[in-house]
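J.: Any chance you could fold what I've pasted below:
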Amino acid sequence: MIMVKSRLLLVDDDKNTLDGLVTILKRDGYNVSGVLSALEALKLLSSKQFDVMITDVNMPGMDGLDLIREVRKRDVSVTIVVISANSSVKTMADVMKSLSCDYYLTKPVDIYELEAILENL
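T.: Okay, here's the model as predicted:
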């Protein structure tokens, strides 16, 4: 049986983080698109299908939480992984519950943890 890797959308305003994750995940065989803003992500989501969206929380303009709210409002079928430098357990629980997020990772992202999540999807 041939395993089809998930189509990933990465959203992070930090170009170094974004480029690093895109490079690693492409090397792992994923079909990855990376964008630097929530608005770019929404534009891409309206024209392409993704299995997983991995988004940072703190971004200028529309932040990651607003992006998730908008994605949920549009009823886009996508698994959401949140990454944030804020490691507060309460913040994590609030985000996951209120926005129906599937996973939450803290920065710096542990690439092995992210790969394990993606393998389990």
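J.: And the helices in the protein?
T.: With DSSP state H as the criterion, the chain has helices at 15-27, 38-47, 64-73, 89-99, 111-120.
J.: and the ones you listed, which one is worst for confidence?
T.: Ranked on mean pLDDT, the bottom entry among those is helix 89-99, at a mean of 71.
J.: who touches that helix?
T.: Residues outside helix 89-99 that contact it (C-beta atoms under 8 Å, 6 or more residues apart in numbering): 57, 65, 68-69, 72, 80, 82, 84, 101, 104. Heads up, the C-betas are built off the backbone N, CA and C, glycines and all.
J.: What of stretch 6-15?
T.: By C-beta under 8 Å, 6+ apart, the residues outside stretch 6-15 that reach it are 18, 21-22, 25, 30-38, 40-41, 44-45, 48-56, 58-60, 64, 67, 78, 83, 118, 121.
J.: Just want the most central residue of this protein.
T.: Ile54 (0.6 Å; C-alpha atoms, centre = their mean).
J.: And the buried ones among the contacts of helix 89-99, selectable in PyMOL?
T.: One line in PyMOL is enough to select the buried ones among the contacts of helix 89-99; burial here means 16 or more other C-beta atoms under 10 Å:
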select buried, resi 57+65+68+80+82+84+101+104
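J.: Which two among the contacts of helix 89-99 are spaced furthest apart?
T.: For these, with distances taken as C-beta to C-beta, the pair at the greatest spread is Arg72 and Ser84 (17.7 Å).
J.: Might you report the residue contacts of Val52?
T.: 6-9, 78-81, 118, 121.
J.: Inside strands: which ones of these?
T.: Judged by DSSP state E, these include 7-9, 79-81 as members of strands.
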